[in-house]
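Visitor: Got a sequence here, can you model it:
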Amino acid sequence: MSAAWCVWVVVLVLIVLVWASRNLEISRARLEQRPLDERSYDGPPSDPPMVSVLIAAKDEEENIERAVRTMLAQDYPRFELIVINDRSTDRTPAILERLAAEAKNAGKADRLKVIHVERLRDGWFGKNNAMREGVQRAAGEWLCFSDADCRQISTRTLSLAMRHAVENGIDFLSVLPILETRSFWERIIQPVCGAVMVFWFHPKRVNDPKHPAAYANGAFMLMKRSTYDAIGGHEAVRTQVNEDMHMARLAKERGQRLAVVQNDNLYSVRMYTGLRQIWRGWSRIFYGCFGSFRRLLISMAFLLVTNVLPYGSAAAAWAVVAARGWAQAGPWRPVAIAATLAVAMQLITIARFYRLSRVSPWLAPTFILGAVICIGMLVNAMFKLGGRTTTVWRGTAYRGDEVAASAPAVGTPGNAAGPDAQRPAPEASASRPAAETV
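Guide: Just a heads-up that it's a prediction; the model follows:
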């Protein structure tokens, strides 16, 4: 067997070992990283501090009422909910006003505040601008940032998160969401994208104060107000698409205790629905989180080598075996064996990962299709990074070459400014100041 054939087989064997190591990592994660769940609930922390929960909403008429009602139902004794309507053109403002009126009539006007933002400041990304408006009116010692598409399954989410943060000395806690995947493409693509994120931002490394890895998920970010001030607030990330990741990086750089934890039936998020939304949304996430061609290329290489190569090798090798017979297949035989082992180990590992992620393990064979689509989204993120395409998010356009180069790439403290910072395009309708309804 020639050197080229030997290299091919060795690479496939190494891929088997990679997937085997991932399998062991899943076993360790199950033992070491217990999710937050109601089974350990002993009530909120003693002497509970005041918490301000902030939700920004732009054109969220389908989600906002559910997000507000399930958050207002939390059993935490001292909190306020501030919802910021960010220039919505649908029924979102009317829904929020109705909910605010209900709270007032029930004698709970201090529990729900509604702010209407009608102008996007120059040089700000929309959500960051909205959250800044909300924080200025927040009274809490702690700030909890959430999204309009979040649904609280439990009434104890906030209490459990606060207790976990206080008892473990955490300054900045991100509770990871349960992803709702209802459509075909959601089930196929989103778990693969999640696996790519875990590759770069493993919870064990994120939770280690000595490791530079930093990660947060904007669906539920709980932090001390002093931590928010230490990182410079939303002013420091005003031009960032993935502000949650950049806030996490700044927090870790500045000595704040950062942690992420999974949740078990506390809250869920449905990120995207159709293929087009998934493509645009995850391209934006990859572009904003990785912030460099190097990271995007490494992610692509990871998917190509560990996923596409075993399947391609197995298909080619077994096609030759079928045509020539096993005895006459020559060097194709070790390729067929190694590739089959790599595919089998991948399927076993992905099935366990899916079960851990609340995805049907029977979908493991579809991981290869999701990986191919994910590679396409990484390529799209590269074009965005080079400024060749425009990111349109919630009605506002952002270009990769219109950069306010002010922050390092996520997870790499101390580097030069990364190219993921973006400057919003001007909006003709952004002419009136912010208004507030309480």
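Visitor: what about the protein, any weak spots by pLDDT?
Guide: The chain contains residues with pLDDT under 70 at 1, 29-33, 386-438.
Visitor: Nearest the geometric middle of it, what residue?
Guide: Geometric centre of the chain, nearest residue: Asn217, 4.9 Å, by CA atoms, centre = their mean.
Visitor: Looks like that residue contacts Val260 (just checking).
Guide: Yes: counting by CB atoms under 8 Å, Asn217 touches Val260, with 7.4 Å between them. Glycine gets a C-beta too; all of them are placed from N, C-alpha and C.
Visitor: Next up, phi/psi of the residue nearest to the residue nearest to the centre of the chain when sequence neighbours are not counted, please.
Guide: Spatial nearest neighbour of Asn217, chain neighbours left out: Ser174 (5.1 Å); criterion: CB to CB, 6 or more residues apart in numbering. Main-chain torsions, Ser174, degrees, to the nearest 10: phi -110, psi 120.
Visitor: Quick one: neighbours of Ser174, just the number.
Guide: 26 (other CB atoms under 10 Å).
Visitor: One more: Asp47?
Guide: 7.
Visitor: What separation do you get for it and Ile170?
Guide: Distance check for Asp47 against Ile170: by CB to CB, to the nearest Å, it reads 17 Å.
Visitor: Secondary structure class of Glu80, three-state.
Guide: At Glu80 the chain is in strand, as set by DSSP: H, G, I helix; E, B strand; the rest coil.
Visitor: right, and it touches Trp142 too?
Guide: No: between Glu80 and Trp142 there is no contact under CB under 8 Å: 11.1 Å.
Visitor: more neighbours, the two?
Guide: Trp142 (27 against 18).
Visitor: okay but the more buried one is in contact with Lys224, surely?
Guide: Yes: contact status for Trp142 versus Lys224: in contact at 5.8 Å, counting by CB under 8 Å.
Visitor: returning to that earlier point: what helix or strand is the residue nearest to the centre of the chain on?
Guide: Under DSSP states H and E, no helix or strand contains Asn217.
Visitor: Checking my notes, Ile15 in a strand, right?
Guide: No: assessed with three-state DSSP, Ile15 is helix; it does not lie in a strand.
Visitor: Excluding sequence neighbours, find me the nearest residue to it.
Guide: Nearest non-adjacent residue to Ile15, counting by CB to CB, 6+ apart: Ala342, 4.5 Å away.
Visitor: element containing the one you found?
Guide: Per DSSP H and E: Ala342 is located in helix 332-356.
Visitor: re earlier: residues touching the residue nearest to Asn217, list them.
Guide: Ser174 makes contact with 215-217, 220-222, 244, 248, 259-261, according to CB atoms under 8 Å, 6 or more residues apart in numbering.
Visitor: Over to Ser21?
Guide: Per CB under 8 Å, 6+ apart, neighbours of Ser21: none.
Visitor: count of residues packed around the residue nearest to Ile15?
Guide: 27.
Visitor: what about Val379, distance to Phe201?
Guide: Taking CB to CB, one finds Val379 at 21 Å from Phe201.
Visitor: Please say which of these two ends up with more neighbours.
Guide: Just comparing Val379 and Phe201: by other CB under 10 Å the higher neighbour count belongs to Phe201, 20 against 13.
Visitor: hey, where'd the strands end up in the stretch 151-300 of the chain?
Guide: For the stretch 151-300 of the chain, the strands defined by DSSP state E, counting those that start in this stretch occupy 172-175, 178-179, 220-224, 258-261, 267-269.
Visitor: Tell me the strands beside the shortest one, with direction?
Guide: Each strand paired with strand 178-179, and its direction, by DSSP bridges: strand 267-269 (parallel).
Visitor: Which helix or strand contains Ala316?
Guide: Using DSSP H and E, Ala316 falls in helix 309-324.
Visitor: Just after the helix holding Ala342, pick out the following helix or strand.
Guide: Using DSSP H and E, the first helix or strand after helix 332-356 is helix 367-385.
Visitor: got the angle between that following helix and helix 332-356?
Guide: On the basis of axes from the mean of the first three to the mean of the last three CA atoms, to 10 degrees, helix 367-385 is oriented at 80 degrees to helix 332-356.
Visitor: how close does the closest residue in space to Pro331 that isn't next to it in sequence get to Met71?
Guide: Take Pro331 and drop its neighbours on the chain: the residue closest to it by CB to CB, 6+ apart is Trp5, 4.3 Å away. Using CB to CB, Trp5 is found at 60 Å from Met71.
Visitor: Next one: Ile26 from Ile348, what distance?
Guide: 10 Å.
Visitor: just to revisit the earlier point, spell out which residues are contacts of both of Asn217 and Val260.
Guide: The contact sets of Asn217 and Val260 overlap at 174-176 (CB under 8 Å, 6+ apart).
Visitor: May I see the contacts of Ser174 arranged in a markdown table, with distance to Leu363 as well?
Guide: Shown next, in a markdown table, are those (distance: CB to CB, whole Å):
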| residue | distance to Leu363 |
| --- | --- |
| Tyr215 | 25 |
| Ala216 | 27 |
| Asn217 | 22 |
| Phe220 | 26 |
| Met221 | 29 |
| Leu222 | 32 |
| Asp244 | 27 |
| Ala248 | 30 |
| Ala259 | 30 |
| Val260 | 25 |
| Val261 | 25 |
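Visitor: Any quick ChimeraX command for the buried ones out of those?
Guide: What follows is the ChimeraX syntax selecting those of the contacts of Ser174 that are buried according to 16 or more other CB atoms under 10 Å:
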select :215,216,217,220,221,222,244,248,259,260,261
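Visitor: Tell me the one of the contacts of Ser174 nearest Gly43?
Guide: In terms of CB to CB, no member of these lies closer to Gly43 than Leu222, at 17.1 Å.
Visitor: Distance of the closest one relative to Gln256?
Guide: Computed as CB to CB, the Leu222 to Gln256 distance reads 12 Å.
Visitor: quick one: common contacting residues for these two?
Guide: Common neighbours of Leu222 and Gln256 (CB under 8 Å, 6+ apart) are Phe172.
Visitor: Roughly how far does the closest residue to Gly281 other than its chain neighbours sit from Ile178?
Guide: Among residues not flanking Gly281 along the chain, Tyr272 sits closest, at 4.9 Å (CB to CB, 6+ apart). As judged by CB to CB, Tyr272 and Ile178 stand 15 Å apart.
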